[in-house]
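Participant: Predicted model, plus sequence, below.
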Amino acid sequence: MSAAVELLTVRDLKLQFRSMRGLVKALDGVSLTLHEREILGLVGESGCGKTITGLAILGLLQRPQAEITQGEIRYRSEDLLTKTDRQLRALRGKEISMVFQDPLASLNPVFQVGHKIEDVVRQHKGVSRKDAKETTLQALAAVGLPPTDDTLKRYPHQFSGGMRQRVCMAMALACGSPLLIADEPTTALDVTIQAQILHLLLRLRDELGVAQIIITHNVGVAAQTCDRLAVMYAGTVVEEGPTAAVLKHPRHPYTVALYQCLPHGRKAADLRTITGTVPDLIDPPSGCRFHPRCEHALDICPQQKPQPLRVGECHWVSCFWAAAQSAAADHDLRVAP
Amino acid sequence: MTLLRVDDLCVHFRIRRGLSKRSDDIVHAVDNVSLQVEAGHTLALVGESGCGKTTVARAVLQLIKPTSGTIHFRDVDLAAAKARARRAALSDVQVVFQDPYSSLNPRMTVHDLVAEPLRVHSRLSGRELERRVLSLLEMVGLGTQHLWRRSHEFSGGQCQRIAIARALALEPRLVVLDEPTSALDVSVQARILKLLDELQQRLGLAYLFIAHDLAVVESMSHSVAVMYLGHIVERGPAAEVFEDPRHPYTLALLSSAPSPDPETGGAMRVLEGDVPSAIRPPAGCRFHPRCRFRMDICTREYPTPHAVGGRQVACHLPDDFDAGAAGSTRERHDAA
């Protein structure tokens, strides 16, 4: 994994929104790495900054309400934050694409879907209508829709939810984007349809080599699709690493608690809960943002923001307690023999 | 003791289209559904959107009129009973809806929301009423400081607590929970599930629990009824249904749900196709167009539910047919 080529890196991204009540410190030093042909999961509860991170990568946040105060977003060798709107527009849909949670809301109801997908192709590739149609049919086939004139001529309301999400994906991938950001791609769908879409995401990675960032609140979805996970809490990445390591051997107290909140195979009485509520990001807790709810909080936690510490192969955790634990374990190892 | 008994419930909706408002199309939302809820137990109704779970609940609550079939609550036939008897019976049945924001009146304070059912149905007033409201709020983990606030000042989880407090105000025997946690984050969901579990233990409540999340259902319920396109395809004790699903749809539903354990890799088995329209449901078994074990008879004849062990299964496959071994269950995938 470490030999893989980095496709996208986000370094120490800080972002705030202006609101009537004051500045919302939505992202506080988010760092992520996505390699080629890899699926990275952004996992966390509502309001933790998953979607904002995705939108920031694509430059889709409205200025001046949203302001990036620090950090960099690098795609291959280009710095996305220094790009003009025109340059970003050339990039979106061709290099980096996004699909959203509600496919009905993201498709224009008055256009036939074929028309919309051809638009994307012609915009980016400057080809003739005939060639664009050819590309569109290929894109439809790639996402498992029948590549026929009938499909092209249908309107969004004539598709079911799962098929609409496939249309969105065809639109996102028609120009051969190597990077797809999928924001809760299956949340609006039923489980059997969700399984179909998740299979499709995996197939896109394996067959077309599309790297993906999957934004989800569903740990099950992340566990079954992602190669690596970044767990977010209140605008920070608390833990990042290979899916199996993060879920089977979580180091951050939040990751541990989140996993134990899941009802899978547990009786309701045995469920773990996290005390307190998600903080207001206008006035976030000092130091580690999780410390007021953390059962292991140390004296240092409210004072200083923890930096990512390497605890395993590509496994990073931002936590003073976890750092102390792993230091103690190392010490034991050295003393033991 | 059987608290609620639903027999052969059918709910059909006639839909009107176009200028003439005339149409012969009928949505077969619920067909021949029978179920029982025992006192102090939880029956979960599971299925995908549009399968009729909520329609069953609304019929039980007498919010819609069934096309045919009977609903008995404590041996009172709700449809046939006189208005007074029905109202008396129904005060023992309460409901908590999915979206806590839209089910609480934004203009009312928490105090008024919880006191309202008491004012309507009980003779409590003055200090007694106040005391009862406070004890209800305390029961769901809210305090005096919340009493005079309105719903917009609360988080989703807190609103759901208020809705639960209000549902419990009249000391019901049965609470219909319509997707009570699906609008909530997992950490909040865990707290609400725990709360519901505690309340059931303490007050001996029965729940009719409607959900699409199988993991939630597994953690909460004593028995399960799986619905597909208006029919109950399988019904029985939760442990049995989850351990050894008999109906191919139950099996598909269970294996479609992604497990949060990354090591049960590839557990998601894909069920092809979409749920058909309930206006013209498939003939015979309604699941047959998507079923991997489809036989000729399935396309012609509706499989009457029959007992398999402690369960009711509506499927033409032989009782000893091991759908799990014939296809691939979670266990098989684990081994692979």
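Facilitator: Structure received.
Participant: In three-state terms, label the residue sitting nearest the centre point of chain B for me.
Facilitator: By Cα atoms, centre = their mean, the mean C-alpha position of chain B lies nearest to B:Ile210, the distance being 1.9 Å. Following DSSP: H, G, I helix; E, B strand; the rest coil, we place B:Ile210 in the strand state.
Participant: what is it paired to in the beta sheet?
Facilitator: Under DSSP bridges, the beta-bridge partners of B:Ile210 are B:Leu45, B:Asp178.
Participant: pLDDT below threshold where in chain A?
Facilitator: Low-confidence segments of chain A, defined by pLDDT under 70: A:1-3, A:333-337.
Participant: Point me to the helix or strand that includes the most centrally placed residue in it.
Facilitator: Centroid check for chain A by Cα atoms, centre = their mean gives A:Ile215 as the closest residue, at 3.3 Å. Assigning secondary structure by DSSP states H and E places A:Ile215 in strand A:211-216.
Participant: what does A:Gly41 give?
Facilitator: strand A:39-43.
Participant: How far off centre is that strand?
Facilitator: Distance of strand A:39-43 from the chain centroid (Cα atoms, centre = their mean, to the nearest Å) equals 5 Å.
Participant: quick one: it to strand A:211-216, angle?
Facilitator: 20 degrees (axes from the mean of the first three to the mean of the last three Cα atoms, to 10 degrees).
Participant: in what helix or strand does residue 197 lie?
Facilitator: Using chain A here. Using DSSP H and E, A:Ile197 maps to helix A:191-203.
Participant: other chain: chain B
Facilitator: In the assignment (DSSP H and E), B:Asp197 maps to helix B:186-203.
Participant: Run through the strands of chain B in chain order.
Facilitator: Under the criterion DSSP state E, strands of chain B are mapped to B:2-14, B:26-38, B:42-46, B:68-73, B:76-77, B:93-96, B:174-178, B:206-211, B:223-228, B:231-237, B:306-308, B:311-313.
Participant: Need those in CSV (columns: mean pLDDT).
Facilitator: What follows is these, written out as CSV (pLDDT from 0 to 100):
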stretch, mean pLDDT
strand B:2-14, 94
strand B:26-38, 93
strand B:42-46, 96
strand B:68-73, 94
strand B:76-77, 91
strand B:93-96, 94
strand B:174-178, 96
strand B:206-211, 95
strand B:223-228, 95
strand B:231-237, 95
strand B:306-308, 90
strand B:311-313, 93
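Participant: Switch those over to TSV; also include distance to B:Val188.
Facilitator: For the C-beta atoms, the positions are set from N, CA and C on the backbone; glycine is no exception. Shown next, in TSV, are the strands of chain B (distance: least, Cβ to Cβ, whole Å):
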stretch	distance to B:Val188
strand B:2-14	29
strand B:26-38	26
strand B:42-46	20
strand B:68-73	31
strand B:76-77	37
strand B:93-96	15
strand B:174-178	15
strand B:206-211	15
strand B:223-228	24
strand B:231-237	29
strand B:306-308	38
strand B:311-313	33
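Participant: Which residue ranges make up the domains of chain B?
Facilitator: Domains of chain B are assigned by automatic domain parsing as B:2-16+B:23-92+B:172-335, B:107-171.
Participant: Let me know which of the ones you listed is tucked in deepest.
Facilitator: Of these, the one with the most neighbours on average (mean count of other Cβ atoms under 10 Å in any protein chain shown) is domain B:2-16+B:23-92+B:172-335, at a mean of 19.
Participant: Going along the chain, name the helices of the chain.
Facilitator: The chain I'm using is chain A. Along chain A, counting by DSSP state H, helices occupy A:50-58, A:85-91, A:113-125, A:129-142, A:149-152, A:161-173, A:191-203, A:219-225, A:243-248, A:253-261, A:320-335.
Participant: actually chain B
Facilitator: Under DSSP H, chain B gives helices at B:53-60, B:83-90, B:110-121, B:126-139, B:156-168, B:186-203, B:214-220, B:238-243, B:248-256, B:296-300, B:323-326, B:330-335.
Participant: Tell me which of those approaches B:Gly230 most closely.
Facilitator: Closest approach to B:Gly230 among these (Cβ to Cβ): helix B:53-60, 8.2 Å.
Participant: For B:Pro276, see how far away B:Leu196 is.
Facilitator: Per Cβ to Cβ, to the nearest Å, B:Leu196 is found 34 Å from B:Pro276.
Participant: Provide a list of residues in contact with B:Pro172.
Facilitator: Going by Cβ atoms under 8 Å, 6 or more residues apart in numbering or on different chains, B:Pro172 touches B:91-94, B:205.
Participant: Pipe those residues into JSON lines and attach distance to chain A per row.
Facilitator: Formatted as JSON lines, the contacts of B:Pro172 follow (distance: Cβ to the nearest Cβ, whole Å):
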{"residue": "B:Ser91", "distance to chain A": "27"}
{"residue": "B:Asp92", "distance to chain A": "23"}
{"residue": "B:Val93", "distance to chain A": "22"}
{"residue": "B:Gln94", "distance to chain A": "19"}
{"residue": "B:Leu205", "distance to chain A": "13"}
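Participant: picking up where we left off before, how about JSON lines for the helices of chain A, with mean neighbour count added?
Facilitator: Listed next are the helices of chain A as JSON lines, based on neighbours: other Cβ atoms under 10 Å in any protein chain shown:
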{"stretch": "helix A:50-58", "mean neighbour count": "22"}
{"stretch": "helix A:85-91", "mean neighbour count": "13"}
{"stretch": "helix A:113-125", "mean neighbour count": "20"}
{"stretch": "helix A:129-142", "mean neighbour count": "18"}
{"stretch": "helix A:149-152", "mean neighbour count": "16"}
{"stretch": "helix A:161-173", "mean neighbour count": "25"}
{"stretch": "helix A:191-203", "mean neighbour count": "22"}
{"stretch": "helix A:219-225", "mean neighbour count": "26"}
{"stretch": "helix A:243-248", "mean neighbour count": "21"}
{"stretch": "helix A:253-261", "mean neighbour count": "22"}
{"stretch": "helix A:320-335", "mean neighbour count": "13"}
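Participant: wait, isn't A:Gly49 in contact with A:Met232?
Facilitator: Yes. Contact criterion Cβ atoms under 8 Å: A:Gly49 and A:Met232 qualify, at 5.6 Å.
Participant: any shared contact partners between the two?
Facilitator: By Cβ under 8 Å, 6+ apart, A:Gly49 and A:Met232 have these common neighbours: A:Val30.
Participant: Give the full set of residues in contact with A:Thr277.
Facilitator: Counted by Cβ under 8 Å, 6+ apart, A:Thr277 has contacts B:155, B:157.
Participant: A:Gln16 too?
Facilitator: Contacts for A:Gln16 (Cβ under 8 Å, 6+ apart) come out as A:23-27, A:66-67, A:69.
Participant: Show me what stretch B:136-145 is in contact with.
Facilitator: Contacting residues not belonging to stretch B:136-145 are listed as B:110, B:114, B:134, B:146-147, B:158, B:161-162, B:164-166, B:168-169, B:195, B:199 [Cβ under 8 Å, 6+ apart].
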